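>>> Take this sequence and fold it.
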Amino acid sequence: MWPRVLFYLGSVALVVKVAAQSAVDVPRPEEKQKAQQAAAKQQEKRAQHTSVIEFRSEQAFDEKTLRSKLKEEITTIDDYGLSPARADDLAFFLEVFYRKHGYAKVNVHYTIESQNRLRLDITEGPLMTLGKVTFDGNAKEPADKLFEYAVGPTRERYSKLQKNLPFVAADMEEGANLVHRLYVAEGFLNAVVDPPRYVFHDQSNLVDAIIPIHEGQQYFFGSVSFTGRTVYDAETLRGQMLDLLRQPYTDARIADIPRRLQAFFKSRGYYDVKVEATGAPDEAVNGRVPVQIAIAAGPVYHFDGARVTGLNRLHPSYVIKRFNKLSGKTYSPDVLDERFRTLMRTGLFNLLQIKPVPVDGNLLRLDISAEEAKSKEFGFSVGYGTYEGGIIGVQFRDRDLFGYGRPLTTSVEVSQRGYKGEILYEDPFFFDTDFAFKARLAAFTFDFDGYSKFELGGRLELTRKITKYDEAGLIIAVRHVKITDATIRPILLGDQSYLVNTLGFTNTLDMRESPYVAPRGFLINNTLDLASSAFGSDIEFIRSTIRLGYYLPFGPKPLTPGVVEDKPGTPFQRWFQQSSIAFGARAGIIHSLTVSGPEEATAIPIDERFFNGGATTVRSFAERDLGPHDRKGNPIGGEFLTVFNIEYTFPIFGELQGALFTDAGNLLPTSEEPGLDDMRYAVGGGLRYKLPIGPVRLDYGVNPDPHEDEDFGAFHFSFGFAF
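The predicted model follows:
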């Protein structure tokens, strides 16, 4: 309803789950990670308190840090006893730790004082700083580009803004290997990068590094020829790998050619296609390598039936029916992947494997093995929202009601402004079709500024994917709304107790990638609601909203492993690639079907009107505070709304991000004269902390032109993306 932060102990931090009797209880990756963290914590505790080890002469690091870094070795001695071999290992790893932080001349001497006492005498030496890095022999690759690869292993451990890096010999050797990998990725197949040489400047504690390079010939793709049963012409096949052929020749790109062509053929039903690509650098002319591609397309396959194993509580027909419509159709891995993702999104499965098995007549039977997830879950949540204040909630969910894969969720939520109870029933495959059905029953109270309300109602939704990105839906809602208390004058409230029944249509074109974590792409959503006495509604209106969004991360799209080598770039490039910009626009209009003229502004009850201002609209205003007010300063809403947003986000440290934004919008009292009059604005900044389910946001928006009765700006603490 309103932006807020909910720390879901049920789905984020701590969850109490009631398992279905037939659920398979296997360790999950998060459980394994939790066990490892617990073991490390126990090692840390023991390492800090054991008296077996004594450190002497440490200055750069305190004893607590050293014990923490050597906790595994210390607990090993504590468990199995002290021996010269274990003491030597401990001294060695202590030196490694110091060298990793720039103390290249460190020396650690150990003394076994008794059977259970070890003394480590540390001679740290000076902190050595990396000086000039020289590349000897680079003719075709610029030194500044090579430098970022060479210092990359050290740079990863320090701030991007730190100019002086410690000298770590192991890092420089790894950096030289990265330089070599860069050359190979750029087509220098015979390039040789020698180990770095170092020049120590004892007076300044600087170490210069010299990395000798022998580049050799750079190779590119030359002629490409096809043999075998290719089915398609050479130009069509080349088109599937043009981006590879335009890049320097590498073994990795040669290995990617069969994957590209196999994917092309399999998407057209050639399940058993075989492709082999061979390059001949020894036959290159002027660095152009000829490539020969052998193709055996095989026959076109069609889907047959499906069978499933591994289910206990869930009826097998639930899974089989999802694939029945594929029977007789041409095999397509994309279609199969789409069905797989649809099933996994239900949350019913921990594991789902689909294996096509060839059978007689060029048919593919789908052998499906499944591992059911726990179907019942009880969750408790706590949170805070700028407008709602403190929030607590409880939820019980059964994802597999009666074994038919239909979720039922009940929840209760209490905030400082009200309470809400809800029952939600879902059928993701309504009557075994591609339609999704939801039935929602809710009752809640809420204290707004100027009035309080009680609402009881239900909502039915029937939606269907038209294409992969486009979804349309039909919504029927029945609600009874009653204003229970108000300081706003009755004439401004409109009807205070009414039944509103609406028939609505919605359409969403969502072309975003990773919409809940790092959205990229375009979104458009529009709705149309009609309330009419023909549906038994006490009030009559037509309402429409539209939302547009465009999200543009500056970094490249995530790459398929092994396709194109990732390159770190300069610190600024890496910083810039983690930045993004987003554009948003929204508009809404509601119009009474029974009243027109001057009285139309209050013909729509206050709870059906639009409001503006807040964490997801114009952020220089408090929640709902932009637009018309009564004499006491209470917002009374309006019938026409616009919101425009631009937000730039950039990395700060780890998952912490900064943001700069500007917002604009208006709220007009009547729909009789829609437009962009009385636009209000916001400029500001904020912080974002990225979580797997979306960011936690803290924003402050400044009002650049406040009216006499308006604040200079507003703080907002909320969860999720602003728009």
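>>> could you pull out the strands for the stretch 101-250 of the chain?
The residue ranges that make up the strands of the stretch 101-250 of the chain, judged by DSSP state E, counting those that start in this stretch, are 107-114, 117-123, 129-136, 192-193, 197-201, 206-214, 220-229.
>>> Nearest to His49, out of the ones you listed?
In this view, those are compared for proximity to His49 by C-beta to C-beta, and strand 117-123 is the closest at 15.2 Å. (C-beta placed from N, C-alpha, C; glycine too.)
>>> Adjacent strands (with direction) for the closest one?
Here strand 117-123 has these sheet partners by DSSP bridges: strand 53-56 (parallel), strand 107-114 (antiparallel).
>>> from the chain's centre, how far out does the shortest one sit?
Put plainly, it is strand 53-56. What separates the centre of strand 53-56 from the centre of its chain is 45 Å, taken as C-alpha atoms, centre = their mean, to the nearest Å.
>>> quick one: buried residues of it?
Ile53, Phe55 (16 or more other C-beta atoms under 10 Å).
>>> Repeat that for stretch 219-230.
Result for stretch 219-230 [16+ other C-beta under 10 Å]: buried residues Tyr219, Phe221, Gly222, Val224, Phe226, Thr230.
>>> roughly how far apart are Val618 and Ala714?
Val618 sits at a distance of 9 Å from Ala714 (criterion: C-beta to C-beta, to the nearest Å).
>>> between those two, which one's more packed in?
Val618 (28 against 24; other C-beta atoms under 10 Å).
>>> Tell me the secondary structure of the more buried one, please.
The local conformation at Val618, judged by DSSP: H, G, I helix; E, B strand; the rest coil, is coil.
>>> Which pLDDT value does the model give it?
Looking at Val618, its pLDDT is 97.
>>> What is the subsequent helix or strand relative to the helix or strand bottoming out on mean pLDDT in the chain?
Every helix and strand in the chain was compared by mean pLDDT, DSSP states H and E; the lowest is strand 5-8, with a mean of 44. Next along the chain after strand 5-8, taking DSSP states H and E as the criterion, comes helix 29-49.
>>> name the helices or strands packed onto that following helix?
Helix 29-49 sits against helix 63-69, helix 71-80, with contacts defined as 3 or more C-beta pairs under 8 Å, 6 or more residues apart in numbering; DSSP states H and E.
>>> The longest one: how far from the chain's middle?
Spelled out, that is helix 71-80. Its chain's C-alpha centre lies 39 Å from the corresponding centre of helix 71-80 when counted by C-alpha atoms, centre = their mean.
>>> that older thread, mind putting the strands paired with strand 117-123 into a markdown table with distance to Arg459?
Supplementary listing: the strands paired with strand 117-123 in a markdown table, determined by distance: least, C-beta to C-beta, whole Å:
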| stretch | distance to Arg459 |
| --- | --- |
| strand 53-56 | 65 |
| strand 107-114 | 69 |
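>>> Tell me which of those strands sits nearest to Gly347.
Nearest to Gly347 among these is strand 53-56 (48.5 Å), distances taken as C-beta to C-beta.
>>> So for the one helix or strand Gln353 maps to, what gets flagged as buried?
Gln353 is part of strand 349-359 when elements are defined by DSSP H and E. In terms of neighbour count (16+ other C-beta under 10 Å), strand 349-359 has its buried residues at Phe349, Asn350, Leu352, Ile354, Pro356.
>>> Show me the contact partners of that strand.
Strand 349-359 is contacted by residues 24, 26, 28, 271-272, 301, 304, 331, 336, 339-340, 343-344, 364-373 when judged by C-beta atoms under 8 Å, 6 or more residues apart in numbering.
>>> out of the buried residues of strand 349-359, which one sits closest to Gly405?
Nearest to Gly405 among the buried residues of strand 349-359, counting by C-beta to C-beta, is Phe349 at 10.0 Å.
>>> which residues pair with that closest one across the strands?
On the basis of DSSP bridges, Phe349 is bridged to Glu372.
>>> A strand includes Val96, no?
No. Counting by three-state DSSP, Val96 is not found in a strand; it is helix.
>>> Please shift the residue numbers so they start at 10 in all later answers.
Sure thing, new numbering starts at 10, so read that last one as Val105.
>>> Now do the contacts for Lys141.
Applying C-beta under 8 Å, 6+ apart, one finds that Lys141 lies in contact with Asp217, Ala218.
>>> what sits in contact with each of Val627 and Ala723?
The overlap between the contact sets of Val627 and Ala723 (C-beta under 8 Å, 6+ apart) consists of Gly710.
>>> And Ile475, its phi and psi?
Phi and psi for Ile475, reported as degrees, to the nearest 10, are phi -80, psi -50.
>>> any weak-confidence spans in the stretch 160-309 of the chain?
Judged against pLDDT under 70, the low-scoring parts of the stretch 160-309 of the chain cover residues 168-170.
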